[in-house]
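Asks: A predicted structure for the sequence below; I have some questions about it.
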There are 2 protein chains.
Amino acid sequence: MLILTLNTYLSKCQIDIMKTFLAITLIFFVTGCNLNSRKKMEESSVLGPITLVIHGGAGTITRANMTPEKEEAYHRQMKQALDHGYDILENGGKSLDAVVAVIKILEDSPLFNAGKGAVFTYDGKNELDASIMDGSNLAAGAVAGVSTIKNPIVAAYTVMTKSEHVLLAGKGAEEFAEEQGLEIVPALYFFDSTRYQQWLKLKAGEKKTDGISDEKKFGTVGCVALDKYGNLAAGTSTGGMTNKKYGRIGDSPIIGAGTYANNLTCGVSATGWGEYFIRLSAAHDVHAMMAYGNLSLKEAADSVILKKLPNLGGDGGLIALDRQGNFAMPFCTEGMYRGYIAKKGQAKTFIYKE
Amino acid sequence: MLILTLNTYLSKCQIDIMKTFLAITLIFFVTGCNLNSRKKMEESSVLGPITLVIHGGAGTITRANMTPEKEEAYHRQMKQALDHGYDILENGGKSLDAVVAVIKILEDSPLFNAGKGAVFTYDGKNELDASIMDGSNLAAGAVAGVSTIKNPIVAAYTVMTKSEHVLLAGKGAEEFAEEQGLEIVPALYFFDSTRYQQWLKLKAGEKKTDGISDEKKFGTVGCVALDKYGNLAAGTSTGGMTNKKYGRIGDSPIIGAGTYANNLTCGVSATGWGEYFIRLSAAHDVHAMMAYGNLSLKEAADSVILKKLPNLGGDGGLIALDRQGNFAMPFCTEGMYRGYIAKKGQAKTFIYKE
C-alpha cells in the first residue's frame, strides 16, 4: 500500500534511492544483531564456562565396603544428574533451575541420604532438611524437619521465591508446601529397606563401631552451578543423622553453614558432621576468606575442610565453585561421592581419594 | 618427730644452717606465688577489663511512641540486668554464666519480645528461639520454635553443654529440656495482654502501617560478655516475628546469623529483620571482616549494619564486643534498646540515636 502510494508521487530514481537505503538499513540491522549476540557470548565466556559440581555425601566410604555393582550405581546416578543439569544450563537455564533439577534427581534416588533414601530418626521417622541460595542477590530458602514433602529442595526453592521468609520448619513448612501445591507423599514413600535395616541395627546397639555407626552422621546431597549469565547458585538436601533425636537440625538447612552462594566469590554446599559446620559457619567462611582474605577458591575450601574442621574435631567435605568455573571438592573423610561437568557429555565422577 | 630425730644426730650448727635454708625456701615460695598471681592479673588486664553489652531489640522506637514511665521502665530493667551480669563477672564468673543470667532477666521481663513477653504467632501461640556461643572453643547451642520452656536461653546453654548437638527444634527440643530438668511452664505463662492486643489488631488488619505493624519483625534480646579470663560469649533470645506463620525460624537461633563468638575477634548478638541477617550470615560476617580483612570491631559492625543490611533491604542492629573490651552497638532503625557496663555501678543504657 505504501509502495503504491509512493509510486504515485515519486520518480523511479527516487524509488531506487529509497530501495538502496532500505537495503543498507536491513544489512546494518542484521549485522547489529550478530554483533550483539557475539557480545553476549563474549560476556558469558569472560564470566566463565557453565559448570556444575555435585556431592552425594562424605563418610567412611572405602573400597572394602563396596561392591563393583554398588560403585557403578553411584557413578551412573551422579553422571545422570550431572548430564541433566548441564543440559539445562546449556539450553539457557539458570543456575538455580539446574541446582533444583539436579538435587531432585539425587533426592529421588534411594542411593543417597536425601529425599527417598533418607535415614531414620530415633522415633523411626524420616525428617528431611534442604536449602538453596541465589548468588546473584543473596536470596535464600530452606526447610527443616519435614516428613511429607517429596522433594525438600523444591520446598526450599518455593520458600525463597514465594514467601517472605528464609527458613520454615516442621508442620508449618509442610502446610506451606501443601498450600503451594508441592508434591506431598505418605510417610511410607521415604521407606527404604536398607536404611531401615541400618537403623534397626543401630537401635539394637549392634555394630556400634562399624561403618554404619560411623556413617550415621553423613550423607547429604548438594549441587553448585554456574550458568551462562555468570550467576552462581548452591543447594543442599539431607535426611539428617541416622537415629537423630529431639528435633535435631544439622547444617544442611542453615544458610552460611551447609549452603552459601555469592556471585562476588563462590557457591558452596557442605556435607559431614553438621554440628561442626554450624559452629564454623563453614560455607560462609569459604566466601569470607576469598572476599576479605584474598584466598583462592581452593585455598579457602581447603582451609575450612582440611584445617579448621579437623582441628575442631569434626569431619566431612564440601564442594565449591567460583565465577570463573574453578571448583574444589575437599574432604577429610575416607571418601566423598562427587562429580563435575564443564563440557557436554564429559561428566566426571569420583568416590575415593584419587 | 623428724626434728627430734635430727637433734639426735646433728650438731646445733648444722640445725641452724638447715633452719636458714628452710626459711629461704619459704620466702622464695611465697614470692613465687605473688609473682604468679601478678602475672595472671597482668594477663587479664592485657586481655581487657570485664565488659558486658546488651540489647533489647531494634525497631521503630521513637520518643513520640513513648511515655516517660515506659522509658524509665526499660532503662531500669536494662540496668538491673547489666549490674547483675557485672557482679557475676567481677566475682570470677565466666562470660557464658553472665550471658545466661542476663538474658534470663530480660526473658523474664514482659518488656521485651523474648521469654515472657513474647509476641504471638499467626495461630495465637508463642514460639521462642534462642542461641548461645562460647568464644573460647566455638561450642554452641540453640533451640527453635519452643513453647513450653520458661527460659529458652537456658535450654540453648543446655543443648551446648549436655547434648552432642547444636540446634534442636520444636517438640523434640521441649522433650530434651524436660529430660534435663529445665523449668517447663504452661502456655499461659507467656501470655501478655499488651502483646495479645497488638496481635489482635494485626490480625484484624487494623493499623497496618503504624508502629505495631512496623515493629512486627523486631524485638529480641541479646548479650555479649568478656570475662576476666579473656573469654568472650554471646547469646540471643526472641519471641520471633508477630503473627509469624508456617513454623518460620529467624536469625536468633542460627549460629553465624544472630549469634557468634570467637575469642580471635569478637562476640556478636543481632536483632532485626531476621531473614536478612540469615542471608548475610551477619554475626559471622563481623568476625570474618575482622579476622581476614583486618577491620576494627567498629568498622566491621558498621559495615554489616549500616551498609550491607540496608543495601539488601533489611534493617536492625547488633551488639559486638572484642577481647580488649571495645564494643559497638550500630543500628539502622529509629531506636535500639541497648546498654553496657565496664565499671561496677556504672551501667549506661540507651534507647534512641544519641
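Replies: Looks like it arrived, so ask away.

Asks: what residues are bridge-paired with the residue nearest the centre of chain A?
Replies: Central residue of chain A (CA atoms, centre = their mean): A:Cys223, 2.3 Å from the mean position. Counting by DSSP bridges, A:Cys223 is bridged to A:Ile54, A:Gly235.

Asks: for the stretch 201-350 of chain A, which segments count as helices?
Replies: Taking DSSP state H, counting those that start in this stretch as the test, the helices found in the stretch 201-350 of chain A are A:211-214, A:274-279, A:282-293, A:297-302, A:309-312.

Asks: out of those helices, flag the one nearest B:Gly256.
Replies: Closest to B:Gly256 of the helices of the stretch 201-350 of chain A, according to CB to CB: helix A:282-293, at 6.2 Å. C-beta: built from backbone N, CA, C; applies to glycine.

Asks: is that closest one anywhere near chain B?
Replies: Yes: counting by CB under 8 Å from any CB of the partner chain, chain B has neighbours in helix A:282-293: A:His284, A:Asp285, A:Ala288, A:Met289, A:Ala291, A:Tyr292, A:Gly293.

Asks: was I right about the residue nearest to the centre of chain A contacting A:Ile103?
Replies: Yes: contact criterion CB atoms under 8 Å: A:Cys223 and A:Ile103 qualify, at 5.3 Å.

Asks: around chain B, which positions in the stretch 51-200 of chain A sit nearby?
Replies: Checking the stretch 51-200 of chain A against chain B by CB under 8 Å from any CB, the hits are A:133, A:138-140, A:144-145, A:163-173, A:175-176.

Asks: quick check: closest non-adjacent residue to A:Lys244.
Replies: Distances taken as CB to CB, 6 or more residues apart in numbering or on different chains put A:Thr121 closest to A:Lys244, at 5.2 Å, once the chain neighbours are dropped.

Asks: ok, that neighbour - contacts?
Replies: By CB atoms under 8 Å, 6 or more residues apart in numbering or on different chains, A:Thr121 lies in contact with A:Glu127, A:Gly240, A:Asn243, A:Lys244, A:Lys245.

Asks: where does confidence bottom out across those?
Replies: Among the contacts of A:Thr121, A:Asn243 has the lowest pLDDT, at 71.

Asks: verify the stated contact: that one with A:Leu202.
Replies: Yes: judged on CB under 8 Å, A:Asn243 makes contact with A:Leu202 at a distance of 5.2 Å.

Asks: and stretch A:244-261, how far out from the chain middle?
Replies: Relative to its parent chain, stretch A:244-261 has a centroid offset of 15 Å by CA atoms, centre = their mean, to the nearest Å.

Asks: and that stretch, what's buried?
Replies: Buried positions in stretch A:244-261, judged by neighbour count with 16 or more other CB atoms under 10 Å in any protein chain shown: A:244-261.

Asks: helix or strand: which one has the residue nearest to A:Lys244?
Replies: Secondary structure assigned from DSSP states H and E places A:Thr121 in neither a helix nor a strand.

Asks: only C-alpha atoms, please: export stretch A:326-335 in CSV.
Replies: Provided in CSV are the C-alpha atoms of stretch A:326-335 (Å, rounded to 0.1, in the frame of the first residue of the first chain):
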residue,chain,number,x,y,z
ASN,A,326,37.2,-23.1,39.1
PHE,A,327,36.0,-25.6,41.6
ALA,A,328,37.2,-27.5,44.7
MET,A,329,35.9,-30.7,46.3
PRO,A,330,38.0,-31.2,49.5
PHE,A,331,37.0,-33.8,52.2
CYS,A,332,38.8,-35.2,55.3
THR,A,333,36.9,-38.4,55.3
GLU,A,334,37.7,-41.7,53.6
GLY,A,335,35.5,-40.9,50.6
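
Asks: quick one: contacts of it?
Replies: Applying CB under 8 Å, 6+ apart, the external contacts of stretch A:326-335 come out as A:51, A:53, A:55, A:58-62, A:218, A:224, A:272, A:296-298, A:301-302, A:305-306, A:309-310, A:315-321, A:336, A:338, A:340, A:350-353.

Asks: ditto for stretch A:151-159
Replies: A:96, A:99-100, A:103-104, A:107-108, A:114-115, A:128-132, A:141-143, A:146, A:149, A:165-168, A:173, A:176-177, A:180, A:182-183, A:235, A:237, A:253.

Asks: and for stretch A:123-130?
Replies: Contacts of stretch A:123-130 (CB under 8 Å, 6+ apart): A:103, A:114-115, A:118-121, A:142-147, A:149, A:152-153, A:155-156, A:187, A:190-191, A:199, A:235-240, A:244-245, A:247, A:249-250, A:252-253.

Asks: also stretch A:341-351?
Replies: A:49-52, A:61, A:66, A:71, A:74-75, A:78-79, A:82-83, A:85-86, A:90, A:325, A:329, A:335-340.
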